[in-house]
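**Student:** return atomic coordinates for the entry below.
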Amino acid sequence: MARDTSDDTPITSRDQLVERLSSGGKPRDQWRIGTEHEKVGFRKSDLRPVPYEGQGGVRQLLEGMEGLLGWEPIIDNGLPIGLVDPTGGGAISLEPGGQFELSGAPVETLHQTCSETWAHMAQVREIADPLGIGFLGLGISPKWSLAETPVMPKSRYAIMSSYMPEVGTRGLDMMFRTATVQVNLDFADEADMRQKMRVSVALQPIATALFANSPILDGKPTGRLSERSEIWRDTDNARSGMIPFVFDEGFGFEHYVDWALDVPMYFVKRDVYHRATDVTFRQYMAGALKDRLPGVVPTRGDWDNHLSTLFPEVRMKRYLEMRGADSGPTRRILALPALWVGLLYDQTSLDAATELSKDWTNAERQALRDGVPTTALATPFRNRTVLDIARDVIDISREGLKRRRRLNRDGADETVYLQPLEETVALGRTPAELLLEKFNGPWGGDIDRVFAEYAY
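**Tutor:** The predicted model follows:
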């Protein structure tokens, strides 16, 4: 989850919020790629989750990473809960159950994403191995119950934990037991944002199917291939989902602002976090918290923090975040930004992806979203399956990456990072199905085998 900001510029009008989003527009030569990925930690000695405190705990891991990288600690109530690169690069943060996240620096090419990701994995292992900590490349923690999962000492998570059960049945599972990979991409202007938003929302279920990698929870198969994605279907529907309004005539920044204004807040952060789940941001701007928080006025930081607590399939800030994929092994972490860069950063590919999905109805898009957590690539669509659509989508992305012509030192272009997805469609089976074959076959139903075979 995003690091909270504290920009104290006062917000007095809706127009300021619209301008805040539109200010993200950049010329093509300034477009960047930001990749985020979460890893589920475990203790190698007993295959238990990693607590925050104590020998071999998450705090020691963070402090070791601070010493290795020279990054600045992020402190909450006197405790380190993350690290940030002071030169404007990436950041490391903790998800509620201790999932260890890298928010990568904004880079120009997928080759740089590759270098950054492999370097991060090596750095984490350098500190984690002596502590006896390993990490799983899955979209969910497959064994431990919620009660067994540790709680990280991050103030906003306490507010979220108490609120989630009020608005859905799976919010705590989402917070404490899931892991994702996402890519953050730029837009040029409102028209470019509109086209990218529509394509990426429509095709997010295709990505969910391709990256399905969370079929086991509480030590047994759930009957679904992406339990992580299923969990999001009943986490908090006021702030998540397929946001069909992006397909309305003339959709633009104002429409997203109006939606965000009417979603309940989580908190207002000043020196401490103040719970604000009973008001929307629109009500906050109208003075709803003035008695509870005298002298506190809405700020740009409040708005940015609020946007970071919205969880649609594609999230808009001053860039677009693709949020549909389960985490996985390093090669698949790299495949996620490759898929979307090929689709969205080449105009010919963006137009082709628009053509592919432009006549899908809201009902059809929702049916895809509802179906892929269970049946992934086998999900039917019209007279085809998601597997058929996925082949088309990968072809479009590959051509876009070819046209970008970003070469590494060996002369290879960025299409090399699509290989895991090409393997998936060639097999016609998701990572989740391959995992289940092992679980039901040679593993004999022993989930502990996952900690050896699916560790980074």
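
**Student:** going forward, measure contacts between C-alpha atoms and count neighbours the same way
**Tutor:** Fine.

**Student:** contacts for stretch 182-197?
**Tutor:** Stretch 182-197 is contacted by residues 22, 24-28, 31-37, 246, 251-253, 314, 318-325, 336-337, 340-341, 344, 350, 354 when judged by Cα atoms under 8 Å, 6 or more residues apart in numbering.

**Student:** put the alpha carbons of that stretch into CSV.
**Tutor:** Written as CSV, here are the backbone C-alpha positions of stretch 182-197 (Å, rounded to 0.1, in the frame of the first residue of the first chain):
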residue,chain,number,x,y,z
GLN,A,182,1.2,-4.1,-10.0
VAL,A,183,2.6,-1.6,-12.5
ASN,A,184,2.1,2.2,-12.5
LEU,A,185,2.0,3.9,-15.9
ASP,A,186,1.7,7.5,-17.1
PHE,A,187,-0.8,9.2,-19.4
ALA,A,188,-0.3,12.3,-21.7
ASP,A,189,-3.6,14.1,-21.1
GLU,A,190,-7.3,13.5,-20.4
ALA,A,191,-8.0,11.8,-23.8
ASP,A,192,-5.0,9.5,-23.4
MET,A,193,-6.0,8.7,-19.8
ARG,A,194,-9.5,7.9,-21.0
GLN,A,195,-8.4,5.5,-23.6
LYS,A,196,-5.9,3.8,-21.3
MET,A,197,-8.3,3.6,-18.4
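
**Student:** give the buried residues for it.
**Tutor:** Of all the residues in stretch 182-197, those buried under the rule 16 or more other Cα atoms under 10 Å are 182-190, 193-197.

**Student:** let's see which of the residues you listed end up in helices.
**Tutor:** 190, 193, 194, 195, 196, 197 (DSSP state H).

**Student:** quick one: which of the residues you listed is nearest residue 227?
**Tutor:** Of all these, the one sitting nearest residue 227 is residue 197; the distance, using Cα to Cα, is 24.7 Å.

**Student:** tell me the pLDDT of the closest one.
**Tutor:** pLDDT, residue 197: 98.

**Student:** now it: how far from residue 84?
**Tutor:** Residue 197 sits 29 Å away from residue 84, going by Cα to Cα, to the nearest Å.

**Student:** how about residue 324, phi and psi?
**Tutor:** Backbone torsions for residue 324, taken as degrees, to the nearest 10, come to phi -100, psi 0.

**Student:** quick thing: my sequence starts at 42, can you match it?
**Tutor:** Renumbered: residue one is now 42, and that last one reads residue 365.

**Student:** hmm, it is touching residue 248, no?
**Tutor:** Yes. With contacts counted by Cα atoms under 8 Å, residue 365 reaches residue 248, the gap being 6.3 Å.

**Student:** counting neighbours, go ahead and name the busier of the two.
**Tutor:** residue 365 (30 against 26; other Cα atoms under 10 Å).

**Student:** can you put the ones in helices among the buried residues of stretch 223-238 in CSV and add distance to residue 166?
**Tutor:** Formatted as CSV, these follow (distance: Cα to Cα, whole Å):
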residue, distance to residue 166
231, 42
234, 38
235, 41
236, 40
237, 36
238, 36
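
**Student:** which one of the residues you listed is nearest residue 216?
**Tutor:** Once Cα to Cα is applied, the member of these that ends up nearest residue 216 is residue 238, at 25.3 Å.

**Student:** all strands of the stretch 92-241 of the chain, in order?
**Tutor:** 113-117, 120-125, 132-135, 141-144, 174-177, 221-226 (DSSP state E, counting those that start in this stretch).
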